[in-house]
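Q: here is my input, please return the structure:
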Amino acid sequence: MKKHVLACIAALLVACTATPPGKHFIGTWEPVKGGKDTITVEQQGEGLVLVRPLFSIDGSQMSESRIPAKVEEGVLVTTQLVGIIYNEKSDTITLGATELRRKK
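A: Model (predicted):
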């Protein structure tokens, strides 16, 4: 009985400390080639949300869009955008033809 309790506690500890899928996407990203089009990926409950600023014609930020996202086979996927791929070696993400680096 004691072994079963210890096994359950060990399994619970592993489950609680496991890295959530997509953790490497979390943060604020800026275009490698410059520009305002930053993207922020945040944890929202058990999922992720992609936050993009929306700008007016004069270039001032009006608001932001918040798009739910999930990780499928290592790619961050949303219903409104193409998949976002993470490159661990360069710590960059690729969104379509745009490469973004983690904002420091």
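Q: now stretch 46-64: buried residues?
A: Leu48, Val49, Leu50, Arg52 (16 or more other CB atoms under 10 Å). C-beta here means a position set from N, CA and C on the backbone, and glycine is covered the same way.
Q: and the spatially most central residue of the chain, what is it in contact with?
A: Nearest to the mean C-alpha position of the chain, by CA atoms, centre = their mean, lies Phe25 at 3.2 Å. Counting by CB atoms under 8 Å, 6 or more residues apart in numbering, Phe25 makes contact with Val41, Leu48, Ala69, Val71, Leu76, Ile84, Tyr86, Ile93.
Q: out of these, which are inside strands?
A: The strands, defined by DSSP state E, take in Val41, Leu48, Ala69, Val71, Leu76, Ile84, Tyr86, Ile93 from the contacts of Phe25.
Q: quick revisit: and which of the buried residues of stretch 46-64 is nearest Gly59?
A: Distance to Gly59 across the buried residues of stretch 46-64 (CB to CB) is lowest for Arg52, with 15.2 Å.
Q: beta-bridge partners for the closest one, please?
A: Ser65 (DSSP bridges).
Q: repeat for Lys70
A: Counting by DSSP bridges, Lys70 is bridged to Val77.
Q: list the contacts for it?
A: Shown in contact with Lys70 (CB under 8 Å, 6+ apart): Gly22, Gly47, Leu48, Leu76, Val77.
Q: same question, His24
A: Tyr86, Glu88.
Q: just the terminal-to-terminal distance for stretch 50-61.
A: Stretch 50-61 has an end-to-end distance of 17 Å (CA to CA, to the nearest Å).
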